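A.B. asks: Any chance you could fold what I've pasted below:
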Amino acid sequence: MKEKITFIAFDINYEDEVDFSISKDILNQIVRIHTLNASETVILQPYGKNSYPFIDIKKDEIDEKINKFFTDLPVEDENQYSNHYLVISEAFTKIAELVDTTNSNFYMISNLRLSDLEESSEVKLKNLSDLYASSQITLNVMSLPSSRSPERSLFEGFSETTNGNFIDFDSSSTTSIIEFMKIFMDNPISILQTNLSSKPLSNFINIPPTVKKVSLGIYKENPQINISIINPDGIEIKPNLDYDFWDLERILFLDIVNPQSGTWTIISSGESGRLEILTDTQNPLILETYGQKIFGIGSEIILEVGAYIDNQRLNIADAEMQVRIRDNRGIETIQIMNDLGNESDKFPLDGIYTAKLPPISDQSIVDVEYTLQWKNLSTPVKKNDQIKIEFFPEIEITRINDLNGKNNKEFLVTTFETKVNNYPYLVGLDEIEKKITSENNFSFKIDPVKIKDTDKSYIFNIYLSSDEKIKDTVFIDINLSTNYLEESYESITKKIKIDVNTKYIYIFGLRYYYLLVVLGIILLISLVVINNIRQTKITGFLIDIQNNVIVDFSTISRNIIIKFIYPKRINFSDIKQLPYRGGFFEFIDEKIYMEIHPIKDDPSIRINSLPADERNDITQSPWIGSAGKQVRFKRTVPYLDI
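C.D. replies: Below is the predicted model of the structure:
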């Protein structure tokens, strides 16, 4: 392991007891933290107007040497200004003895008062800080409460140059101690900030089995605050006896490597004073999400999360993974994820846990929480994430036509559109995947409907043709494979069924039943023409006893089919002026007959006052009576005879 040095410069010209009290906590914290690393040399040097001999401190001699350090602290005349430039230079000389100075540290605990001589040599101090920066040595400044603003600003700049830490220990502020403790933590989290009362407080820290190190920092504004830390076995631990644990005037700090998993309890009691608890857990187990994070509205949601320890993906055998989602309506869904290789999980025990969740029908951003939970411990590992529910491109089939026609001819069988939320979505042909399923050979192509100024389209036609005379059913699968919202996306496959028949008989280039229709139309037209040509013109009248014309046979309209079959007949039912319907008049050469076939509700008919039925010759104009009226047939109108 690479050797490094932590050099601590302690300014003996502190202002008062407040400065001294805070500086003791600062010094103890720095020494105890840096002696935890066996490859790190910790050097402590007092300085004032002059620099004094330094001492090396090892972990097992901290209390002894620090007590002796404060007991033997040099004393200088009052109102002396310490020589900061001197101690910073000497510290650099000592650290530079290392082959590699990278990551070594220099701490200065001081009120930062500058003599007139040092004020005039700020450039030299600036050059020193640049030298520290180029050697990758951090210059950390712990500014005591009695420091003045100009000096604080100056030394804060020096510290920033080296990526060091500058802490202003303002006596009226509690945040400075908190910020100081955070220097020695990687990911500090504040789990409690409170002002104590007479009632004891209990706080809990859950430590999963995979945690390699945990640090606990507690700030006590009042030194009379009592803190008890109880391990998962219910045993209270003691400073300097258990773990790396020390209790200072304002700081209680616990640093444990490979801590016991389970729930640790912190009990605090005191009459008054500010209390804040920081924790820093180094857990090599992390959860990382896999797969897509954007899902289509109404589509199934498959979530995947992997468990990693030291960058190696592992199945955590004695723990359970679950996922919790909350949609935009506040509805929660909780589901156990599996790593068994069934359902939606791809491979068993590969460390990737999978859950299949129900579709969400609204466009939204959904909060997701993954939790790895050990069965007998309240110590979960969590990861928060989000997924998006969006409108995605889809294919909408707008037309399907069966293929009925000639072989070797191309037919439009399907039209489809590409849309997002019912709005056109332009795609290229290379973004459309297609598949045709049939036992026969077909020619198959997709043509885009041209759109101005682009080679993409949102309307496409599918054409199909066959070289053979066949009768078959063809299945076509189409889907989109495109990039949408900066992610690869495949739409739901649309399945199209096309019935194909190219076995039709063609005559003169027309399908046989079309030819039959054409022939039928021609025949009908011919019959109409023949009917009009062959019909005999019917003339004559029915007149009453006053010689009034009741019926003019030449004006009677007849059914075209009846007219074709019986060109010389006029049915009673076609003559509105007559009260009877069952029968007809028939004109044969110079003869005219009246054939009677009575139907329901027809009145009786008499000819020359005698009951008449069946066929009667009325050529000689006998009187025909019915329903109180009499008429007779005349070839011409009576007044023409006169």
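A.B. asks: Grab the longest strand from the protein for me.
C.D. replies: Counting by DSSP state E, the longest strand found in the chain is strand 471-484.
A.B. asks: Buried residues of it, list them for me.
C.D. replies: D472, V474, I476, I478, N479, L480, T482, Y484 (16 or more other CB atoms under 10 Å). Yep, even glycine has a C-beta here, placed from its N, CA and C like the rest.
A.B. asks: just stretch 265-284 next, same as before
C.D. replies: Buried, per 16+ other CB under 10 Å, within stretch 265-284: 266, 268-270, 273-281, 283.
A.B. asks: And stretch 366-383, by the same measure?
C.D. replies: 366, 368-374, 377, 379-381, 383.
A.B. asks: Quick check: mean pLDDT of it?
C.D. replies: Mean pLDDT, stretch 366-383: 85.
A.B. asks: Could you do stretch 319-328 as well?
C.D. replies: Averaged across stretch 319-328, the pLDDT comes to 89.
A.B. asks: ok, residues contacting that stretch?
C.D. replies: 303, 305, 307, 332-337, 339, 353, 355, 357, 360, 362, 364-375, 387 (CB atoms under 8 Å, 6 or more residues apart in numbering).
A.B. asks: From the chain's centroid, how far away is that stretch?
C.D. replies: Distance of stretch 319-328 from its chain centroid, counting by CA atoms, centre = their mean, to the nearest Å, is 15 Å.
A.B. asks: Just the CA atoms of it, as CSV, please.
C.D. replies: Taking Å, rounded to 0.1, in the frame of the first residue of the first chain, the C-alpha atoms of stretch 319-328 are listed here in CSV:
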residue,chain,number,x,y,z
ALA,A,319,-32.7,-12.0,0.2
GLU,A,320,-35.9,-11.0,-1.7
MET,A,321,-36.1,-8.3,-4.4
GLN,A,322,-39.3,-6.4,-4.9
VAL,A,323,-40.4,-3.4,-7.0
ARG,A,324,-42.9,-0.7,-6.1
ILE,A,325,-44.4,1.7,-8.6
ARG,A,326,-46.7,4.6,-8.1
ASP,A,327,-48.6,6.0,-11.1
ASN,A,328,-49.8,9.6,-11.6
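A.B. asks: quick one on the thing from earlier: ok, so of the buried residues of stretch 366-383, who is nearest L154?
C.D. replies: K383 (43.9 Å; CB to CB).
A.B. asks: In strands only, show me the buried residues of stretch 366-383.
C.D. replies: Per DSSP E, those map to strands at V366, V368, E369, Y370, T371, L372, Q373, W374, V381, K383.
A.B. asks: residue contacts, the third one?
C.D. replies: For E369, the residues meeting the contact criterion (CB under 8 Å, 6+ apart) are V323, R324, I325, K382, K383, N384, D385.
A.B. asks: And these, which of them are buried?
C.D. replies: Looking at the contacts of E369 with 16+ other CB under 10 Å, the buried ones turn out to be V323, I325, K383, D385.
A.B. asks: part of a helix, is A91?
C.D. replies: Yes - checked against DSSP: H, G, I helix; E, B strand; the rest coil, A91 lies within a helix.
A.B. asks: now it, nearest residue through space, not along the chain?
C.D. replies: In space, and not counting its chain neighbours, A91 is closest to F7: 4.2 Å by CB to CB, 6 or more residues apart in numbering.
A.B. asks: again with S121
C.D. replies: Going by CB to CB, 6+ apart, S121 has Y85 as its nearest residue, at 6.6 Å.
A.B. asks: tell me which element that neighbour is part of?
C.D. replies: In the assignment (DSSP states H and E), Y85 maps to helix 84-95.
A.B. asks: Show me what whichever helix or strand comes after that helix is packed against.
C.D. replies: For helix 84-95, the following helix or strand on the C-terminal side (DSSP H and E) is strand 105-110. Judged by 3 or more CB pairs under 8 Å, 6 or more residues apart in numbering; DSSP states H and E, the packing partners of strand 105-110 are strand 4-11, helix 17-34, helix 84-95, strand 138-143.
A.B. asks: Just confirm Y425 contacts F392, I think it does.
C.D. replies: No - at 9.3 Å, Y425 does not count as touching F392 under the criterion of CB atoms under 8 Å.
A.B. asks: And these two? Which one has more around it.
C.D. replies: Just comparing Y425 and F392: by other CB atoms under 10 Å the higher neighbour count belongs to F392, 23 against 19.
A.B. asks: Give me the spatial nearest neighbour of S159, chain neighbours excluded.
C.D. replies: F166 (4.1 Å).
A.B. asks: Let me see the contact set for Y489.
C.D. replies: Applying CB under 8 Å, 6+ apart, the residues near Y489 are F392, P393, L480, S481, T482, N483.
A.B. asks: Name the residues that touch stretch 242-256?
C.D. replies: 21-22, 24-25, 28-29, 32-33, 36, 177, 181, 184, 213-221, 223, 227, 229, 237-240.
A.B. asks: Give the rounded mean pLDDT of that stretch.
C.D. replies: Mean pLDDT, computed over stretch 242-256, is 90.
A.B. asks: buried sites along it?
C.D. replies: Buried-residue list, stretch 242-256, by 16+ other CB under 10 Å: 243-248, 250-256.
A.B. asks: same check, this time on stretch 572-581
C.D. replies: Result for stretch 572-581 [16+ other CB under 10 Å]: buried residues F572, D574, I575, L578, Y580, R581.
A.B. asks: shaky segments in the stretch 451-600 of the chain?
C.D. replies: 504-515, 527-536 (pLDDT under 70).
A.B. asks: What ranges does it have for its strands?
C.D. replies: Counting by DSSP state E, counting those that start in this stretch, one finds strands in the stretch 451-600 of the chain at the ranges 459-465, 471-484, 487-490, 494-501, 506-507, 510-511, 541-544, 549-552, 569-571, 583-588, 591-596.
A.B. asks: To E3, which of those lies closest?
C.D. replies: Here strand 487-490 is closest among the strands of the stretch 451-600 of the chain (CB to CB), at 48.5 Å.
A.B. asks: Need the buried residues of stretch 265-284 in a markdown table (columns: pLDDT).
C.D. replies: Below are those laid out as a markdown table (pLDDT from 0 to 100):
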| residue | pLDDT |
| --- | --- |
| I266 | 93 |
| S268 | 90 |
| S269 | 88 |
| G270 | 83 |
| G273 | 85 |
| R274 | 88 |
| L275 | 90 |
| E276 | 92 |
| I277 | 93 |
| L278 | 94 |
| T279 | 93 |
| D280 | 93 |
| T281 | 89 |
| N283 | 88 |
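A.B. asks: ranges for the strands of the stretch 251-400 of the chain?
C.D. replies: 251-257, 262-269, 274-282, 285-290, 294-296, 301-309, 312-313, 319-326, 332-336, 352-357, 364-374, 381-390, 394-400.
A.B. asks: Using a markdown table, please lay out the ones you listed together with distance to F633.
C.D. replies: Putting the strands of the stretch 251-400 of the chain into a markdown table (distance: least, CB to CB, whole Å) gives the following:
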| stretch | distance to F633 |
| --- | --- |
| strand 251-257 | 132 |
| strand 262-269 | 123 |
| strand 274-282 | 123 |
| strand 285-290 | 103 |
| strand 294-296 | 86 |
| strand 301-309 | 92 |
| strand 312-313 | 112 |
| strand 319-326 | 97 |
| strand 332-336 | 95 |
| strand 352-357 | 93 |
| strand 364-374 | 91 |
| strand 381-390 | 89 |
| strand 394-400 | 65 |
